[in-house]
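Asks: Here is my input; please provide its structure:
(4 chains)
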4 protein chains.
Amino acid sequence: MKVGIIGANGYSGAELIRILMQHPEAELSFLGSHSTSGTLITEQYPHLQGITENRLEEMNIDDILESAELFFFATPSGVAKDLVHRFVEEEIPCIDLSGDHRLKDSRLYDKWYKYSPASASVLQKSTYGLPELFRKEIKHASLIANPGCYPTATLIGLAPLLKAKLIHVNSIIIDGKSGVTGAGRKVSMGTHYCEVNENVRAYKLGNHQHIPEMEQVIQTYTNSDTTITFTPHLVPMSRGILCTIYGDLTQSLTTKDALDLYHEFYRQEYFVRIRQENQWPSTKEVYGSNYCDLGITVDERTNRIIIVSVIDNVMKGASGQAIQNMNIMNGWNEQAGLKITPVYP
Amino acid sequence: MKVGIIGANGYSGAELIRILMQHPEAELSFLGSHSTSGTLITEQYPHLQGITENRLEEMNIDDILESAELFFFATPSGVAKDLVHRFVEEEIPCIDLSGDHRLKDSRLYDKWYKYSPASASVLQKSTYGLPELFRKEIKHASLIANPGCYPTATLIGLAPLLKAKLIHVNSIIIDGKSGVTGAGRKVSMGTHYCEVNENVRAYKLGNHQHIPEMEQVIQTYTNSDTTITFTPHLVPMSRGILCTIYGDLTQSLTTKDALDLYHEFYRQEYFVRIRQENQWPSTKEVYGSNYCDLGITVDERTNRIIIVSVIDNVMKGASGQAIQNMNIMNGWNEQAGLKITPVYP
Amino acid sequence: MKVGIIGANGYSGAELIRILMQHPEAELSFLGSHSTSGTLITEQYPHLQGITENRLEEMNIDDILESAELFFFATPSGVAKDLVHRFVEEEIPCIDLSGDHRLKDSRLYDKWYKYSPASASVLQKSTYGLPELFRKEIKHASLIANPGCYPTATLIGLAPLLKAKLIHVNSIIIDGKSGVTGAGRKVSMGTHYCEVNENVRAYKLGNHQHIPEMEQVIQTYTNSDTTITFTPHLVPMSRGILCTIYGDLTQSLTTKDALDLYHEFYRQEYFVRIRQENQWPSTKEVYGSNYCDLGITVDERTNRIIIVSVIDNVMKGASGQAIQNMNIMNGWNEQAGLKITPVYP
Amino acid sequence: MKVGIIGANGYSGAELIRILMQHPEAELSFLGSHSTSGTLITEQYPHLQGITENRLEEMNIDDILESAELFFFATPSGVAKDLVHRFVEEEIPCIDLSGDHRLKDSRLYDKWYKYSPASASVLQKSTYGLPELFRKEIKHASLIANPGCYPTATLIGLAPLLKAKLIHVNSIIIDGKSGVTGAGRKVSMGTHYCEVNENVRAYKLGNHQHIPEMEQVIQTYTNSDTTITFTPHLVPMSRGILCTIYGDLTQSLTTKDALDLYHEFYRQEYFVRIRQENQWPSTKEVYGSNYCDLGITVDERTNRIIIVSVIDNVMKGASGQAIQNMNIMNGWNEQAGLKITPVYP
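Replies: Got it, this is the predicted structure:
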């Protein structure tokens, strides 16, 4: 099956290429990029020399439509919303890695994304592509809103508790730590090596655009308005997200009870791995892979649960999950192309 | 005034030397080390070549007592508790950078430190050396329990709220991120470069020994039992701690109100710097210095306050604060030797 | 085909496992480790959870011999030399990733490795496993001395010039820069995060054990004694080696001429990639892959050639090359299991 | 004495501020910046909060001239050359940290800097500010060309051999490794965290602009044309340069002989520290300080000498050396403000 990438010169685009090179069913037929069109992908990414020598092409939509049977949008925030509707009209499946189609309530875009959203009808058509929670819906979807990196780690971390009503949802606090790939390849003072190295910083306190995305999914469990606190941090590494999730329990629970609940919930999930009691995953343990690893601890002194959830933000937090969605949409083996052992160390 | 360092070959010891080299009143007269006695300090730390060429000496207490008029203990946990009492008997002032004399309730040592504590009488004599909160007591102290790195950042971050009773103390959650110097210079798998680099991990969930230390100080404000949640994380950098502190407010408050409160509370504190609204400090901004920098945000959606507090763990979190305590104990200018501009970048 | 790993708990062992998990022909049947025998491999390497749950076994040779049809020795220097001869006697193919079987002149071991070597007869049986230069010999070998990381990068960088007699061999200077995995997983002060981070150091000037290994291969081209200068450096990263190789040309040459020579020499080599004029590879561009990337520049002012050669030291510099050798020995597709796109960034 | 900084918002500017805050004689009276004029220095560098709150000012030369008695130019390449002549006319001492006034032969600027140089008369007036080699000239200078970072490390490393005629000058090869501050604070793909982290790269092979600067000084010893080879590399750290210098000896020499020569040559130099035989300095050992540390080894097998020279590129390679020059020009203690112990780790 021919697949295309719009926005191929960013880090998520490069990661899609890495996975697709080994994919048994999909074949890369189009690489689109506005800023670097006309150049070879190897000029942007010399590591691809000898692997794929495609040229990046300008994105004139009418020319593009026929170049592939499924498209990934690996574009910055605010780009896909103006392009995707044409693909929807033509009934060409799309997987949007940006946030442009994640929020159902279009009024939220103004507040959190600071731009006017895609049309309400297209937003309604989109399916939130977190396979571990919404696999059924994804099977029949034609427009996937691929989840954000922080929400992926957080929601996989919270779902068993939410479903079992074991957590006071308004007590939820998520403290996120991300590598710098999360900021994309665009140059800026905030991604300058010397500003990031040997440094940790918090950013966007109380107003990160992933907050409404997380709340939207949490509300599917609670059927009521929920507000959570989320604080992202930038740590000096390239890949990886670790979310430490805190919540007050609605009843007494031991760590063992909690682990049993998680094991049961994720019994059949290949990409979710749960650590034993008193062990917690680190980001390097999922580096380059599509896993989401969890560590669970109940702090009995405070009757609070603490979940440590790690992903590779470029994989399970972006391109790996996008491929996983593609696999499901096409009825292929969900793990196709994704059985990648983490690179350690 | 002659000062000595017990445990001079660790990172805190080396940092004490760095500060003392520029100190106008104190003169380094003794460097003690058990594991490296007999070697030159420059064999352990070539960066000191031409700066100080002292030899590390064995620590036969009777020989030591006269070698200095004040001693710093920069020893690992569990060493000072067996030595300090002799100095106390001889009325020689000591500043213990380890945790051995921080907890007043000696029963806590068994649980949190896994060793039997110093004698109750010596514990009672010790003064918790956080100058911004306990300056008066420090002035007359002869045995200082120098605070832990996480508690320093946390307690400076919380004190204004605690004093003003604006925070539900049992709602407090502290998410700490530390550089690797916090683990000391001892070799271990956990500090191997390849295990730390490009990696973030949580550790000691719910049972870090700094928890009772923080609770002990918080209880001086509440006069009642308090339990908090604290989760430390190791991030790939050498120096620096960032604590993100979350708490439910007891009343509505704007960020501006909160900032006013903090500015008032720390009006006369040279080493506490408060960022403007919507700005938060990063660890690199205090690198190599004795500052504690704070950023404050009220999340009005959840009526929660978030405090970002950063220190250099080797300085304000250890050796810098120890010198600050020495300055206060001796009636010297509190900033003597400590007006060090952060090294940036 | 069943394969075993002796020394499976080091970084090279873990990397062999990563590759073997995707290998179409080989199946992992034995994991040996002296220091961690009895534990699960996932206790040493949690990133392998759900991928392989094998137990590490003690290495009683008689029990081992039948557990696999080919063995990798991923042991520290000085271990394989005392074990391999038993496998040789039983005609079981071995690939030794350590330096124990690389030098033909057994007298060199005393000087460079500081230990007594394997028996001369076993040394004579061993084949130097650098496929790009010695593929024919490897095809019929039963004991492979897998090359060192620095020699791999260096010799691939030098071979075209050596063969064409374009370089004064005694003028060769190699300045190597390595990530910390090169030092193995053993804990030591030299691999402590805080000693490596934000730091570059040179080590073993003039006496690194890879010097005689490089000279031995260079002499196969010159048929005379040759001495080279090699200086290794440790840089703050986990994976990757970059060798900058300098040599005086025996005749005038343009960069273009030199590039033509290299393209011709490596025309059929999948794992060698040559950059265009004025472009040089960086280590990240081969991260996690089996490529050796080269950049070539003639400095016409000095009539000197400069070759920049990069590999992932854990892959092409160790485990990847070992698998490549296994593939050749067994007549399999040389790239089997090794068509791994570099992880970037 | 009032001093001003032109180009205060770069890393060298910030470092000058750090040093000047502790300087006993100089007082910072002017901070100039074109791109950020009108802002507070603390908006660019929050780490300076509470230390200096000056505002960055536009650089209208006529207004500036009276704002200080000595000026540092910490501007990017190509800026100072168009401004400095006005200061020269007014006899106001200047120290130019950029390369604009380093080369005496103005024809070299076209080739190596790709711009037209300052006027020949101003170039002739400038003094190369490497105190360990040209202290006498600096004393009477009014325009200092502050040396480049690589040349500083290299020339201090080579001078004793050059003076003693012990090295074949045309055999000199310098392999440099630099932290990322060397590239300045300007954002670019080359300084993006994810492009630098876990990566080493060579750049500008054979055409780095520091080559003619080094050759110019070497030729003061040889009185004949000399060509050297210099290859810079970017390593993943913020500060520090390590130059590994190779050269053929003109006569047999032991390492001990060489060390004696260096000790004698630098007997009275506070900022040059020489390691013992078989020890070599690492960049972290001079971090934040003005030292240049040297390790010397004679490779007797090849009759080649290898010098390892490290500096903090922002200090001895830029701002620290600029202050050292200011001290000498004014007859102050040369170490004033510069007795800074390296920050380790």
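Asks: didn't residue A:262 look like it was pressed against residue A:296?
Replies: Yes: using Cβ atoms under 8 Å, residue A:262 is in contact with residue A:296, at 5.9 Å. All C-beta atoms are positioned from the backbone trio N, CA, C, and that covers glycine.
Asks: So for these two, which residue has more residues nearby?
Replies: The neighbour comparison of residue A:262 against residue A:296 (other Cβ atoms under 10 Å in any protein chain shown) goes to residue A:296, with 30 against 22.
Asks: Excluding chain neighbours, what is closest to the more buried one?
Replies: Spatially, and ignoring its direct neighbours in sequence, residue A:296 is nearest to residue A:258 (4.9 Å; Cβ to Cβ, 6 or more residues apart in numbering or on different chains).
Asks: who's in contact with the host helix or strand of that neighbour?
Replies: Secondary structure from DSSP states H and E places residue A:258 in helix A:255-265. With contacts defined as Cβ atoms under 8 Å, 6 or more residues apart in numbering or on different chains, helix A:255-265 is touched by A:159-161, A:163-164, A:166, A:274, A:276-277, A:294, A:296-298, A:305.
Asks: does any bit of the helix or strand just after that helix sit next to chain B?
Replies: Using DSSP H and E, the helix or strand that follows helix A:255-265 in sequence is strand A:272-274. No: using Cβ under 8 Å from any Cβ of the partner chain, strand A:272-274 never reaches chain B; the gap is at least 14.8 Å.
Asks: residues in contact with strand A:272-274?
Replies: With Cβ under 8 Å, 6+ apart as the test, strand A:272-274 has contacts from A:132, A:156, A:259, A:262-263, A:266, A:281, A:291-296, C:49-50.
Asks: if we go to 7 Å?
Replies: Residues outside strand A:272-274 that contact it (Cβ atoms under 7 Å, 6 or more residues apart in numbering or on different chains) are A:132, A:156, A:259, A:262, A:263, A:266, A:291, A:292, A:293, A:294, C:49, C:50.
Asks: Next secondary structure after it?
Replies: Downstream of strand A:272-274 (by DSSP H and E), the next one is strand A:292-299.
Asks: strand partners of that following strand, parallel vs antiparallel please.
Replies: strand A:272-274 (parallel), strand A:304-311 (antiparallel) (DSSP bridges).
Asks: Which of the contacts of strand A:272-274 are buried? Put it as a PyMOL command.
Replies: Of the contacts of strand A:272-274, the buried ones can be selected in PyMOL as follows, counting by 16 or more other Cβ atoms under 10 Å in any protein chain shown:
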select buried, (chain A and resi 132+156+259+262+266+291+292+293+294) or (chain C and resi 49)
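Asks: mind putting the contacts of strand A:272-274 in JSON lines, pLDDT and distance to residue A:178 included?
Replies: Formatted as JSON lines, the contacts of strand A:272-274 follow (pLDDT from 0 to 100; distance: Cβ to Cβ, whole Å):
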{"residue": "A:132", "pLDDT": "98", "distance to residue A:178": "20"}
{"residue": "A:156", "pLDDT": "98", "distance to residue A:178": "16"}
{"residue": "A:259", "pLDDT": "98", "distance to residue A:178": "26"}
{"residue": "A:262", "pLDDT": "98", "distance to residue A:178": "23"}
{"residue": "A:263", "pLDDT": "98", "distance to residue A:178": "27"}
{"residue": "A:266", "pLDDT": "98", "distance to residue A:178": "23"}
{"residue": "A:291", "pLDDT": "98", "distance to residue A:178": "17"}
{"residue": "A:292", "pLDDT": "98", "distance to residue A:178": "15"}
{"residue": "A:293", "pLDDT": "98", "distance to residue A:178": "16"}
{"residue": "A:294", "pLDDT": "98", "distance to residue A:178": "17"}
{"residue": "C:49", "pLDDT": "98", "distance to residue A:178": "23"}
{"residue": "C:50", "pLDDT": "97", "distance to residue A:178": "24"}
